[in-house]
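Novice: Give the three-dimensional model of this entry:
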Amino acid sequence: MRNPTKCRGRTAALLFVVGAGAVAFPARAQEVKPTNSDAPGDLALDPSFGLDPATPQIAALPGGVTPAFGQRSLSEEEWRFDFHGLVTAPMNMGINSRSNNGMTAGPGQSNLVLHAPPFVPDDLETFSHTGVTPTTYAQLNFSEANSIVSANVSIVARQANVSESFLEPADQLGITDVYLSFLPPLPNKRLRLQAYVGAFATRYGSPGEYDQGRYGTPLIAQINGVGELVTLHYAVAPDLVIMAEEGLHGQTNKATTGITPDVWNDFADPGVGSTFVAHGHLGVSIARKVTIGGHYIRAFSLDDRVGPNEPDGRINIFAADVRVGMGRLGQFYGAYAYTSALQARDLSSVISVLNTQGGPGLMNEYLGPNSGGTGSLSTVGGQYDLSIGRLVSYPVPFSGDGPDLVLSLFGMFTHVTSTDPTVFDPNITVPNPTDPAMRMISTTTAWNGANKLKLGAEGTYSMLSWLAVSLRYDWVDPYMKESDLGFSEISPRIIFHSDWQSTDQIVLQYTHWFYGSLVAARDGEPPMYDFVNVPDPNMISISASMWW
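Specialist: Residues are numbered from 1 along each chain as shown. Below is the predicted model:
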């Protein structure tokens, strides 16, 4: 599920940021001249009858300190304002036919049907997600910092209002991250300490060197919450660094029994309790080429408001990963994660395992609706990236300002154990099983013991400073005991950009899916598997992206 957010809080927060920019920056640009007998035309602003309308509507901070909003810093020459972001806006067109779904075109109807968004098995929260279907995304990051502390705010949206046929508030995430980052100077130059305090997301198990990998899925977990994270690096030797990290995260709101789950609140679940996540990590970096890490994450809920007979839930995650930078021979990442869940139904989306949201999401996709949130996942995955241009140019460094071929191999496997005794069954009634237009699902696809596997490969050839071509292939088998639930896909792309190493691109893409007879996509609000309609076998997409 998408991160829930309240419209009123988001609007107030956005007005605060706009108001702060309108008032704070002019205050820094000019000083108010004091009134004196030599300047009778100047009027003093103090004393005043009240606060400036743009002053934050909060009480004094702890300790009785009230900040002078918009006041110049005493060390202003050291402060710096930064603005970074990423935007991507695609138009996706799913192509299908009425006859593919056992229907006959009527008067005034075409057999050809077009869907936007495409009706395909590429939902982010499912194992079948590959990420080949581009999605709208915008993130704007603002920071004000000096050498020791920085204040950071992120604004995120997963939809553009101008392209929606109806407004989805849950996709307009608004202000998502609000936190301070501290990097204090230490007397021992071998030590480096960094601390984050506030509301932010932490991801572990990202296969990409600078992103979440080709699947866009952290293999270990993602923690979304408010709290603290402290990281310590100690250089034992120039080529040997020991790393330690700990964090504690919680949440700032909870759905009460008076809330009706609906589209506007992303189907808020009153049965989910207040959730906290404590985690610790140890690792070592060798010659800045090999990084090995061990991870322990514990999410738990001890909330009496979820129900008098509801047991306390928890999720424990034990994981290890390795990243190897092999220079001209490429980059490799691999991870193993064991997720143990006990009565995790009441855990919120503060914890996210394989892109699912909290305990309910883990049940819906992996453990089964009758598991109560009890079961386990064993996940192994990895990614290997190789630049042929960098390989063949050795020993001359490759600067990226010429033709290059980048290859990537990636995969992921998950084994599920569950206490749910039932099978993955849509419970649809088929009045005529011999009708080829009606599909039935095998009863062998049990939740317990399910094995899930997906593999992929991608190659991108940059032939000109403004042109590249790419080809991607994915094979997905979400239930290996039932091959009819699996599928594969192939996606050729043409990529336009303004220069060899520019940060902008326009992508033209075609994707064709090869479906097993029982493949289903999720549809509706809230999303549910639709085993009646056949997913779109084809998609055409055009998307524009830029990052800075």
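
Novice: So what would you say the end-to-end distance of stretch 252-265 is?
Specialist: Distance across stretch 252-265, first residue to last, is 15 Å (Cα to Cα, to the nearest Å).

Novice: Report how many residues lie close to the spatially closest residue to Glu310 that is not a sequence neighbour.
Specialist: Leaving out its chain neighbours, the residue that sits closest to Glu310 by Cβ to Cβ, 6 or more residues apart in numbering is Asp346, at 5.9 Å. Heads up, the C-betas are built off the backbone N, CA and C, glycines and all. The tally of other residues near Asp346 (other Cβ atoms under 10 Å) stands at 28.

Novice: got the phi/psi numbers for Asp346?
Specialist: phi -100, psi 20 (degrees, to the nearest 10).

Novice: Can you verify my assumption that it contacts Asp304?
Specialist: No - with contacts counted by Cβ atoms under 8 Å, Asp346 stays clear of Asp304, the gap being 10.7 Å.

Novice: Low-confidence bits of the stretch 301-450 of the chain, can you list those?
Specialist: Residues of the stretch 301-450 of the chain that meet the criterion pLDDT under 70 lie in 425-444.

Novice: Try it again at 50.
Specialist: For the stretch 301-450 of the chain, applying pLDDT under 50 flags the ranges 427-434, 436-437.

Novice: can you tell me how far the residue nearest to Glu310 sits from Val306?
Specialist: According to Cβ to Cβ, to the nearest Å, Asp346 and Val306 sit 5 Å apart.

Novice: what number of residues lie near the spatially closest residue to His233 that is not a sequence neighbour?
Specialist: Excluding the flanking residues, the one nearest His233 by Cβ to Cβ, 6+ apart is Arg192, at 4.3 Å. Counted with other Cβ under 10 Å, the neighbours of Arg192 add up to 17.

Novice: residues touching Arg192, list them.
Specialist: In this structure, Arg192 makes contact with Leu183, Leu186, Leu232, His233, Tyr234, judged by Cβ atoms under 8 Å, 6 or more residues apart in numbering.

Novice: buried set for the helix or strand encompassing it?
Specialist: Arg192 is part of strand 191-204 when elements are defined by DSSP states H and E. When burial is assessed from 16 or more other Cβ atoms under 10 Å, strand 191-204 yields the following buried residues: Arg192, Ala195, Tyr196, Gly198, Ala199, Phe200, Ala201, Thr202, Tyr204.

Novice: Which strand residues bridge the fourth one?
Specialist: The residues listed as beta-bridge partners of Gly198 by DSSP bridges are Tyr179, Gly227.

Novice: ok, now how distant is Arg314 from Thr339?
Specialist: For Arg314 relative to Thr339 (Cβ to Cβ), the value is 11 Å.

Novice: what does Val197 give?
Specialist: For Val197, the distance to Thr339 equals 27 Å [Cβ to Cβ].

Novice: now the strand holding Arg192, how far from the centre of its chain.
Specialist: 17 Å (Cα atoms, centre = their mean, to the nearest Å).

Novice: Please apply the same query to stretch 156-170.
Specialist: For stretch 156-170, the distance to the chain centre is 17 Å (Cα atoms, centre = their mean).

Novice: Kindly check the end-to-end length of it for me.
Specialist: Stretch 156-170 end-to-end distance (Cα to Cα) = 11 Å.

Novice: nearest spatial neighbour of Val149, skipping sequence neighbours?
Specialist: With Cβ to Cβ, 6+ apart, the residue lying closest to Val149 is Phe182, at 5.4 Å.

Novice: same question, Val380
Specialist: Tyr336 (4.9 Å).

Novice: my read: the one you found touches Asp321, true?
Specialist: Yes - applying Cβ under 8 Å as the test, Tyr336 and Asp321 come out as touching, 7.4 Å apart.

Novice: More neighbours: these two, which one.
Specialist: Set Tyr336 next to Asp321 and count neighbours by other Cβ under 10 Å: Asp321 wins out with 23 against 17.

Novice: okay, now the residue nearest to Leu219 when sequence neighbours are not counted: neighbour count?
Specialist: Nearest non-adjacent residue to Leu219, counting by Cβ to Cβ, 6+ apart: Gly205, 3.4 Å away. Neighbours of Gly205 under the rule other Cβ under 10 Å: 26.

Novice: Tell me which residues touch Gly205, please.
Specialist: With Cβ under 8 Å, 6+ apart, Gly205 has these contacts: Pro218, Leu219, Ile220, Ala221, Ala319, Asp321, Ala335, Ala337, Gly381.

Novice: more crowded one of Arg314 and Thr339?
Specialist: Thr339 (27 against 21).

Novice: Verify the contact between the more buried one and Ile317 for me.
Specialist: Yes - using Cβ under 8 Å, Thr339 is in contact with Ile317, at 5.1 Å.

Novice: joint contacts of these two?
Specialist: Common contact partners of Thr339 and Ile317 (Cβ under 8 Å, 6+ apart): Ala221, Val353.

Novice: Out of the contacts of Gly205, which two sit at the greatest distance?
Specialist: The most widely separated members of those, counting by Cβ to Cβ, are Ala221 and Gly381 (13.0 Å).

Novice: Do me a favour and average the pLDDT over the strand holding Arg192.
Specialist: When pLDDT is averaged over strand 191-204, the result is 96.

Novice: Show me how far stretch 79-97 is from its chain's centre.
Specialist: 13 Å.

Novice: Compute the number of surrounding residues for Pro397.
Specialist: Per other Cβ under 10 Å, the neighbour tally for Pro397 reads 9.

Novice: Please confirm that it is located within a strand.
Specialist: No - in this structure, Pro397 is coil, not part of a strand, as judged by DSSP: H, G, I helix; E, B strand; the rest coil.

Novice: which residues touch it?
Specialist: Residues counted as contacts of Pro397 (Cβ under 8 Å, 6+ apart): none.

Novice: in stretch 377-392, what counts as buried?
Specialist: 377, 379, 381-391.

Novice: Narrow those to those in helices?
Specialist: Cross-referencing the buried residues of stretch 377-392 against helices under DSSP state H gives Ile388, Gly389, Arg390, Leu391.

Novice: For the third one, which non-adjacent residue is spatially closest?
Specialist: Computed as Cβ to Cβ, 6+ apart, the closest residue to Arg390 that is not its neighbour in sequence is Phe398, at 4.2 Å.

Novice: burial of the one you found, as a residue count?
Specialist: The number of residues packed near Phe398 is 16, by other Cβ under 10 Å.

Novice: Trp466 versus that one, what's the distance?
Specialist: 19 Å.

Novice: Now do stretch 294-312: everything it contacts.
Specialist: Under Cβ under 8 Å, 6+ apart, the answer for stretch 294-312 is 204, 220-221, 223, 254, 256, 271-283, 313-321, 337, 343-348, 350-351.
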